[in-house]
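J.: pasting the structure only:
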Ligand SMILES: [Mg+2]
């Protein structure tokens with residue numbers, strides 16, 4: 001039997017057109033999708049997002065460099081915005097950085113540079129996030145200046161640092177918002193060669209977490225950032241679709257025909 005994908009195939013590194021994009025998402029075993037700039041912008045739901053989440057609920061996984069929220073807090077926030085995405089289907093850079101710390105620091109002694117939500121999450125998974133004898137540092141977006149300064153002597157001693165993501169900014173409602181990568185640049189200005197591991201896109205950690213048991217060839221990634229979403233996915237052999245911010249409907253024009261205010265009752269089972 002002929003493979004229908006052959007009729008719509010492009011080179012894996014080429015941007016598919018709307019018809020090819022539709023075929024890719026329809027036949028994908030798992031759809032990985034960025035959040036900011038694809039489904040939401042700040043507190044605003046972007047056009048087509050509700051219809052997209054409803055239509056592809058059974059195989060959608062959000063993959064975000066967010067290191068402010070946990071999957072639990074983000075799932076709740078999205079629900080208030082009319083997007084029903086349960087916790088197991090949300091893979092975030094901050095939580096993944098903490099999971100990496102848990103998996104690599106047997107003692108659990110770390111220094112977490114982050115806000116209250118991530119501190120609580122760290123303790124919940126067995127880490128001691130304010131240890132005086134940390135074996136690793138974890139850097140997230142909401143690190144405070146005192147936290148950053150206190151990390152400098154640790155970095156000078158060569159304590160390894162797990163960094164949630166390399167982004168300098170992300171788009172906020174009123175302009176760019178300072179991101180984790182900008183804090184990393186600040187630390188590098190003080191301690192030139194820190195020992196770092198990047199977890200967020202474009203590195204492979206987040207994509208592997210989102211793929212689970214699905215092979216890269218069985219997934220498609222949708223994102224608005226060429227350097228992180230698209231380059232990171234393609235480096236792993238995942239087909240990728242670039243959308244401009246708010247451009248879901250340009251990729252899948254029929255989404256616009258579905259009322260964005262239709263029922264958003266939970267449709268998604270666990271992964
Ligand atoms: Mg984005």
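T.: On my side now, so go ahead. What you see is a predicted model, and the numbers here were worked out from it, not measured in a lab. Numbers count the residues shown, from 1 in each chain.
J.: report the contact partners of residue 251.
T.: Counting by Cβ atoms under 8 Å, 6 or more residues apart in numbering, residue 251 makes contact with 18, 21-22, 222, 241, 243. In short, each C-beta sits where N, CA and C put it, glycine included.
J.: pLDDT value on it, please?
T.: Listed pLDDT for residue 251 reads 76.
J.: over to residue 254?
T.: 76.
J.: contacts only, for residue 92.
T.: 64-67, 69-71, 74.
J.: try it again with 10 Å
T.: 35, 62-71, 73-74, 98, 118, 121, 164-165, 199-200, 206, 209 (Cβ atoms under 10 Å, 6 or more residues apart in numbering).
J.: restricted to strands, list those residues.
T.: Among the contacts of residue 92, DSSP state E puts 62-64 in strands.
J.: which of the residues you listed count as buried?
T.: 62-64 (16 or more other Cβ atoms under 10 Å).
J.: neighbour-wise, give me the winner out of the contacts of residue 251.
T.: residue 222 (30 neighbours; other Cβ atoms under 10 Å).
J.: now the end-to-end length of stretch 152-169.
T.: Its first and final residues considered, stretch 152-169 spans 22 Å by Cα to Cα, to the nearest Å.
J.: list the buried residues of that stretch.
T.: 154-155, 159-167.
J.: and the residue of the stretch 1-150 of the chain closest to the ion?
T.: Nearest residue of the stretch 1-150 of the chain to the ion (Cβ to the ion) works out as residue 37 at 3.5 Å.
J.: sorry, back to before: pick the one among the contacts of residue 251 closest to residue 80.
T.: The closest of those to residue 80 turns out to be residue 222 (Cβ to Cβ; 22.7 Å).
J.: quick check: the closest one vs residue 207, distance?
T.: 13 Å (Cβ to Cβ, to the nearest Å).
J.: what do you get for residue 157?
T.: Per Cβ to Cβ, residue 157 is found 32 Å from residue 207.
J.: for the spatially most central residue of the chain, give the beta-bridge partners.
T.: For the chain, the residue nearest the mean C-alpha position is residue 64 (1.4 Å; Cα atoms, centre = their mean). Taking DSSP bridges as the rule, residue 64 bridges to residue 92.
J.: thinking again about what came up before, per-residue confidence at the residue of the stretch 1-150 of the chain closest to the ion?
T.: 88.
J.: also residue 6?
T.: For residue 6, pLDDT reads 45.
J.: and for the one 3 residues further on?
T.: You'll see residue 9 listed with a pLDDT of 52.
J.: make JSON lines out of the contacts of residue 251 and add pLDDT and secondary structure.
T.: As requested, these are exported to JSON lines (pLDDT from 0 to 100; DSSP: H, G, I helix; E, B strand; the rest coil):
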{"residue": "18", "pLDDT": "80", "secondary structure": "helix"}
{"residue": "21", "pLDDT": "88", "secondary structure": "helix"}
{"residue": "22", "pLDDT": "89", "secondary structure": "helix"}
{"residue": "222", "pLDDT": "96", "secondary structure": "strand"}
{"residue": "241", "pLDDT": "94", "secondary structure": "strand"}
{"residue": "243", "pLDDT": "92", "secondary structure": "coil"}
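J.: buried stuff in stretch 133-142?
T.: Buried residues in stretch 133-142, counting neighbours by 16+ other Cβ under 10 Å, are found at 134-142.
J.: ok, the ones in strands among the contacts of residue 92 vs residue 27, which is closest?
T.: Using Cβ to Cβ, the ones in strands among the contacts of residue 92 come closest to residue 27 at residue 63, 19.2 Å.
J.: tell me the contacts of that closest one?
T.: 31-35, 89-93, 96, 200-201, 206-207, 209-211, 221-223, 228-229, 232-233.
J.: now the buried members of the residues you listed.
T.: In the contacts of residue 63, the ones that pass as buried (16+ other Cβ under 10 Å) are 31-35, 89-93, 96, 200-201, 206-207, 209-211, 221-223, 228-229, 232-233.
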